[in-house]
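J.: One predicted model, sequence on top.
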Amino acid sequence: MSGYLIHSARQLADKIYEYWVEAPRIATKHAAGQFIILRLHDHGERIPLTVVETNPQSGQIRLIVQVAGKTTEEFAQLKTGDFILDLVGPLGQATHIHNWGNLIVIGGGVGSAPLLPIAKAAKAGGNKVHAIIGARSKDLLILTEEFETVCDEVRVCTDDGTFGTKGFVTDVLNSWCETGTRFTYGIAVGPVPMMRAAAKTMGQWGIPGLASLNPIMLDGTGMCGACRVTVNNVTRFACVEGPEFDIHGVDFNELMMRNRSYINEEHEAVEHAHQCQLNEMIKHVRAEA
Amino acid sequence: MSEQKRNLKAHPTRTPMPERDPLERVKGFDEVPLGYTEEMARAEAERCLDCKNPKCVAGCPVNINIPKFLREVREGRYQDAADTLRTTNSLPAVCGRVCPQEEQCEAVCIEGIKHDPVAIGNLEKFVADWERAHRTITTREVVETTGRRIAIAGSGPAGLTVAGDLAKLGHDVTIFEALHRPAGVLAYGIPEFRLPRAIVKSEIEYIERLGVKFVYNVVIGVTVTLDELFEEGYDAVFIGTGAGLPKMLGVPGENLIGVFSSNEFLTRINLLGADRFPEFDTPVLHAKHTVVVGGGNTAMDSARVAKRLNQARVSLVYRRSEEELPARKEEVHHAKAEGIEFSLLCNPVEVIGDENGRVKAIRCIRMELGEPDASGRRKPVEIKGSEFNLECDAVIVAVGNAPNPILTKATPDLELTKWGTIKVDPDTNETSKRGVYAGGDIVSGAATVILAMGAGRKAATAMHEYLMNLPAKQNMQAS
Ligand SMILES: Cc1cc2nc3c(=O)[nH]c(=O)nc-3n(C[C@H](O)[C@H](O)[C@H](O)COP(=O)(O)OP(=O)(O)OC[C@H]3O[C@@H](n4cnc5c(N)ncnc54)[C@H](O)[C@@H]3O)c2cc1C
Ligand SMILES: Cc1cc2nc3c(=O)[nH]c(=O)nc-3n(C[C@H](O)[C@H](O)[C@H](O)COP(=O)(O)OP(=O)(O)OC[C@H]3O[C@@H](n4cnc5c(N)ncnc54)[C@H](O)[C@@H]3O)c2cc1C
Ligand code: SF4
Ligand code: SF4
Ligand code: FES
């Protein structure tokens, strides 16, 4: 087998999986905010994933993947000892860490994974780091303990109230600000509607900051332009100029729209895969019979 | 042989290239030109005057000894002809297909002064294909290794040429490629029906047999910096990272769903197999009417791929007239035969979308040709008030590529021109950084396969000299 060895694989939450993968060059090079692009097999799609942590000594990188469609579903079936065919990186710009002072980082769903290294780097850069970690439900919360060890204060919320405060991350941000805390900078990572809402709330409290965007990507090297986003009315290529941009300049509606480009095909891909699996199963059953 | 007795007046016109029927070929991705038979090849080679001062050789950027290989074809010595090609051209099967011969070797062919020029490109294709079919591609005799290690960034025609040339001289060569597959534009840009994958594959295998190592998924400058390559023990580096940064339209609506750069559209299909979705996982949008903006080879390729993908209407919008189309004549001819509609002298001003953000029309303005500009071409000017909507559901933007900045941005000590191309010594292709050479589209801006190879050849010669004059390795490590 050739490719990139999965050293360990485990499930973190409902449909969320964690992997340590051997990729020594990336492990020594990666900085917070950067990502990789991988392809699982010869018919596979190239998909981007954030590098959550690295271990330069062992040459491994940590990936956290949420099942969203065909490729991530296939990824979820991989086990310790399996290989990933192609893996390239680190791509994108590293987070430009400044001493912003009183920082608020906001993670929604699996977005908490890309947020973790940014929070760590910001802390190391001398910031006071506060975090809001949100998810739809308790079963989908990840990394809260790790945020506890990195941040000065962490508040957790779930949409359905099964853990932490009941409500959205923006509700928590509002109440936090209402008690008189002044955040001088904010970084939000999560589903596009969440980042759009966070931008609005941050705007209301006069907090500048960044969002880490997740457009569709192909090559990740600036060659195709699939990852185009509009920021402050200018077209930018997120894979080379981002993925982080001024949260108050991003056209989130366009991003949401573009991410739905292949919505029909995505369903078709999953169905095709399930059909193939079914056919395989039928073949097996027949063979055994 | 009785060369003198040839009747040179017998064939004033060139042997036509048999082609797949246009209505049939748009149903698939099979190669369009079917290739000469042996008889056709020999008849066409008969037309060469075997000039004392063969202009054609000077017209070829890698100076193939054209009269010699044509003589060998005439005499049926195809293996010798193949060897002649390979002495100066490591990718003959590619060049025979995609070279703009009509502007190079064939443009200056002496037979072409009075009659049709000799079909040098078609014959190059014939010989390279013969060689492939007869599996006689020779592995060079083993040369003594020099102990020098060379890293190459990018596996396009420039990088492949440097790799081939230096490996033949006994150097230890590794190519680092950012994508998961080799060959640059030859793999992700130029479509199968112009350049079959099997041919690219066999050319790569040839380079591999010369001992060149390929490492994929490495972005030089990012995954490994140039300085780190030297620290890892490489003695010299060649940069052949190409012109892979698509220009967009810069008009409202350019980010609507259904607007693609030609690179994205072609990459989805050529590199990722989206035409075979869902068997392959990468999708591509299917359109009833695709509008391609641009007039170069990339525009023709995109239009012809869209035709094959969708079996539906495809139009091409170009702001000048047919006369100025930068694409090769042959490609324009093929596109027309396949039913691509040409909307000339018009230019997009806006892309219009529906409520879901999907393209529903492109708004264009008509143009007329005004005074000649600096390039000597008549400048297109807008006709006021002539805007009109062309209904469509996909737009492919093929208005050019700029140099890919990913390596150069990560390497601030590399001197660039104001266009973002890498500055090199014109005689050696050495950059401002010692031991680092560059060539191909990253130096010239978007150009051609053969020019990239020519640059690679020049760089390889200079690199060889540089490498042979380096102090012995032990000394270097001690110092
Ligand atoms: C810079 C960046 C970092 C990311 N980091 C992570 C991460 O750490 N963990 C994680 O779980 N996910 C991450 N994502 C999202 C992840 O890439 C997508 O979930 C994945 O590509 C979906 O592929 P699929 O085939 O499983 O689903 P599909 O069926 O293809 O798509 C499901 C949805 O995912 C989005 N999507 C589809 N294709 C892509 C693509 N090529 N690139 C981006 N989004 C796509 C679309 O919104 C789509 O509707 C990141 C995306 C980007 C751009
Ligand atoms: C659609 C299309 C059709 C064309 N048709 C013709 C034609 O008919 N005839 C003709 O002569 N020319 C044609 N051209 C132009 C021709 O293909 C190019 O001029 C030629 O390929 C340039 O070669 P190159 O080696 O400089 O770069 P490229 O072929 O662009 O290859 C560069 C390679 O470097 C890789 N790379 C980039 N950055 C890095 C990095 N940092 N580290 C590692 N790898 C990296 C890229 O992934 C790519 O594989 C066409 C171009 C296109 C796009
Ligand atoms: S390589 Fe190109 S220019 Fe040179 S002889 Fe062949 S077709 Fe002509
Ligand atoms: S210039 Fe034309 S006729 Fe003369 S040698 Fe070259 S190919 Fe033959
Ligand atoms: S993913 Fe292709 S340019 Fe960004």
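T.: Here it is on my side, so go on. Ligands and ions are numbered 1, 2, ... in the order given.
J.: Show me the shaky parts of chain B.
T.: Scanning chain B for pLDDT under 70 picks out B:1-10, B:135-142, B:473-479.
J.: which parts of it sit against ligand 3?
T.: Applying C-beta under 6 Å from any ligand atom, we find that chain B lies next to ligand 3 at B:60, B:62, B:64, B:66, B:89, B:95, B:99, B:101, B:104-105, B:120-121, B:124, B:450. C-beta coordinates here come from the backbone N, C-alpha and C atoms, glycine included.
J.: Which of these sits closest to ligand 5?
T.: Ligand 5 lies nearest to residue B:450 out of the residues of chain B next to ligand 3, by C-beta to the nearest ligand atom, at 27.0 Å.
J.: so how many other residues sit close to the closest one?
T.: 24 (other C-beta atoms under 10 Å in any protein chain shown).
J.: Please list which of the residues of chain B next to ligand 3 also come close to ligand 2.
T.: Checking the residues of chain B next to ligand 3 against ligand 2 (C-beta under 6 Å from any ligand atom), the matches are B:99, B:450.
J.: With distance to ligand 1 and secondary structure as extra columns, can I get the residues of chain B next to ligand 3 in TSV?
T.: Output for the residues of chain B next to ligand 3, formatted as TSV (distance: C-beta to the nearest ligand atom, whole Å; DSSP: H, G, I helix; E, B strand; the rest coil):
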residue	distance to ligand 1	secondary structure
B:60	42	coil
B:62	39	coil
B:64	43	coil
B:66	47	helix
B:89	38	coil
B:95	35	helix
B:99	35	coil
B:101	39	helix
B:104	40	coil
B:105	43	helix
B:120	43	helix
B:121	39	helix
B:124	40	helix
B:450	35	helix
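J.: I'd like the residues of chain B next to ligand 3 as JSON lines, with distance to residue B:232 appended.
T.: Formatted as JSON lines, these follow (distance: C-beta to C-beta, whole Å):
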{"residue": "B:60", "distance to residue B:232": "37"}
{"residue": "B:62", "distance to residue B:232": "31"}
{"residue": "B:64", "distance to residue B:232": "36"}
{"residue": "B:66", "distance to residue B:232": "42"}
{"residue": "B:89", "distance to residue B:232": "31"}
{"residue": "B:95", "distance to residue B:232": "33"}
{"residue": "B:99", "distance to residue B:232": "36"}
{"residue": "B:101", "distance to residue B:232": "41"}
{"residue": "B:104", "distance to residue B:232": "39"}
{"residue": "B:105", "distance to residue B:232": "41"}
{"residue": "B:120", "distance to residue B:232": "43"}
{"residue": "B:121", "distance to residue B:232": "41"}
{"residue": "B:124", "distance to residue B:232": "38"}
{"residue": "B:450", "distance to residue B:232": "32"}
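J.: between the residues of chain B next to ligand 3, which is closest to residue A:107?
T.: Taking C-beta to C-beta as the measure, residue B:450 is the one of the residues of chain B next to ligand 3 closest to residue A:107, at 51.8 Å.
J.: For residue B:120, see how far away that closest one is.
T.: 12 Å (C-beta to C-beta, to the nearest Å).
J.: Quickly find the element holding the closest residue to residue A:183 other than its chain neighbours.
T.: Closest residue to residue A:183 apart from its sequence neighbours, by C-beta to C-beta, 6 or more residues apart in numbering or on different chains: residue A:104 at 4.2 Å. Under the criterion of DSSP states H and E, residue A:104 resides in strand A:102-108.
J.: Provide the strand pairings for that strand, with the direction of each partner.
T.: Strand A:102-108 pairs in its sheet with strand A:128-135 (parallel), strand A:185-189 (parallel), by DSSP bridges.
J.: For residue A:165, find the nearest of those strands.
T.: From those, taking C-beta to C-beta, the stretch that ends up closest is strand A:128-135, at 8.9 Å.
J.: And that closest one, how far out from the chain middle?
T.: 15 Å (C-alpha atoms, centre = their mean, to the nearest Å).
J.: So what touches it?
T.: Residues from elsewhere that reach strand A:128-135 (C-beta atoms under 8 Å, 6 or more residues apart in numbering or on different chains): A:101-109, A:112, A:115, A:119, A:122-123, A:141-144, A:147, A:150-159, A:164, A:168-169, A:172-173, A:176, A:181, A:183, A:190, A:194.
J.: which residue ranges form the helices in the stretch 101-250 of chain B?
T.: Using DSSP state H, counting those that start in this stretch, the helices of the stretch 101-250 of chain B run over residues B:111-114, B:120-133, B:157-168, B:185-188, B:197-209, B:226-231.
J.: Would you mind giving these as JSON lines with mean neighbour count added?
T.: Output for these, formatted as JSON lines (neighbours: other C-beta atoms under 10 Å in any protein chain shown):
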{"stretch": "helix B:111-114", "mean neighbour count": "13"}
{"stretch": "helix B:120-133", "mean neighbour count": "23"}
{"stretch": "helix B:157-168", "mean neighbour count": "29"}
{"stretch": "helix B:185-188", "mean neighbour count": "24"}
{"stretch": "helix B:197-209", "mean neighbour count": "18"}
{"stretch": "helix B:226-231", "mean neighbour count": "17"}
